[in-house]
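S.K.: Sharing a model that was predicted from the sequence below.
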Amino acid sequence: MTEYMVDEDDIKTKDGNGNLLQDGDSVQLIKDLPVKGSSIVLKRGTVIKGIRLTNDPNEIDCRAEKVKNLVLKTMFVKKV
């Protein structure tokens with residue numbers, strides 16, 4: 001059994017349109033998203049600035065206007 005080492009530079013995080021995302025990028029929501037654990041709904045078109053990439057290429061860490069410490073699936077955002 002061969003063990004593979006995953007280098008963080010090899011992880012490519014892409015938005016819903018296939019554009020490459022980087023730390024500090026701004027993204028826009030492409031769908032209304034209810035926030036788990038609260039009654040807040042983030043509306044489609046909301047721009048979120050200063051995203052942070054995670055170890056999972058399908059998720060980004062960010063802060064919205066009403067919500068701190070938010071993790072979003074990359075399939076629901078597009079790069080601005």
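M.R.: Here it is on my side, so go on.
S.K.: where does this structure have low pLDDT?
M.R.: For the chain, the stretches with pLDDT under 70 are 1-10.
S.K.: Just list the residues touching the most centrally placed residue in it, thanks.
M.R.: Centrality entry for the chain: nearest residue to the mean C-alpha point is Ile60, 3.0 Å, by CA atoms, centre = their mean. Going by CB atoms under 8 Å, 6 or more residues apart in numbering, Ile60 touches 13, 21, 27, 51-54, 71-72, 74, 77. For the C-beta atoms, the positions are set from N, CA and C on the backbone; glycine is no exception.
S.K.: got it, and Val80?
M.R.: The contact partners of Val80, by CB under 8 Å, 6+ apart, come to 25-28, 47.
S.K.: Skip the chain neighbours and tell me the closest residue to it.
M.R.: Ser26 (4.5 Å; CB to CB, 6 or more residues apart in numbering).
S.K.: Same question for Gly24.
M.R.: Nearest to Gly24 is Gly50, by CB to CB, 6+ apart, at 5.7 Å.
S.K.: returning to that earlier point: quick check: PyMOL command selecting the buried ones in the contacts of Ile60.
M.R.: Buried members of those, defined by 16 or more other CB atoms under 10 Å, are picked up in PyMOL with:
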select buried, resi 13+21+27+51+53+72+74+77
